[in-house]
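# Sequence and predicted structure below; questions after.
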Amino acid sequence: MTILERASERLALMQRTRTVAIVGMSANPSRASHFVATYLAGKAPWTVYYVNPREHEVLGQPVYPSLDALPDVPDLVDVFRRVDDLPSVVDEAVDVGAGAVWFQLGLRHDDAATVASAAGLDVVQNRCLKIEHARFAGGLHTAGFVTGVIDSRRGRLI
């Protein structure tokens, strides 16, 4: 597939997504993965799975040791791991047949992105899935900040 740079491409990816695997899920509420998972559980229309070999349960949900242990193939793999770990996560995502990998804010690995893209996965780098979802659902300004505008229109695109 492709490396998704444009907002319209990311929106299309989120619209066709049904299942998300959060790789690097943490039970620590101060960690970004925990915050994003809490948001997605309440706001996103997706089935969300948690992946971390050192956790067993987070937010009342089971945590799986790897992508191949999930009950479903994830449409999107949302990654909260160190940059050096991205190639192995991409390899695992390719092996299970995931549709896309999403490297969270601060994560960019062009070689891993190229491998994923060449294997047919869509790739998003250095973006937050929570911020992007909220932006397209009408909850945030395009820069990712709450606008403070109260509006009666529904902005739910996903």
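Yes, it's here. Numbering: from 1, shown residues only.

# For Arg6, grab phi and psi.
The phi/psi pair for Arg6 (degrees, to the nearest 10) reads phi -90, psi 150.

# And it, what's its pLDDT?
Listed pLDDT for Arg6 reads 90.

# Phe136 too?
On the pLDDT scale, Phe136 is placed at 85.

# what's the spacing between it and Ser8?
10 Å (C-beta to C-beta, to the nearest Å). Every residue, glycine included, has its C-beta placed from N, CA and C.

# More neighbours: which of the two?
The neighbour comparison of Phe136 against Ser8 (other C-beta atoms under 10 Å) goes to Phe136, with 20 against 9.

# how near is that one to Val23?
Phe136 is 22 Å from Val23, by C-beta to C-beta.

# Ok, Pro62 next?
15 Å.

# Looking at the two, which is more packed in?
Val23 (26 against 13).

# Need the mean per-residue confidence for whatever helix or strand Val90 lives in.
In the assignment (DSSP states H and E), Val90 maps to helix 86-96. When pLDDT is averaged over helix 86-96, the result is 98.

# could you point out which element follows it?
As assigned by DSSP H and E, the chain's next helix or strand after helix 86-96 is strand 100-103.
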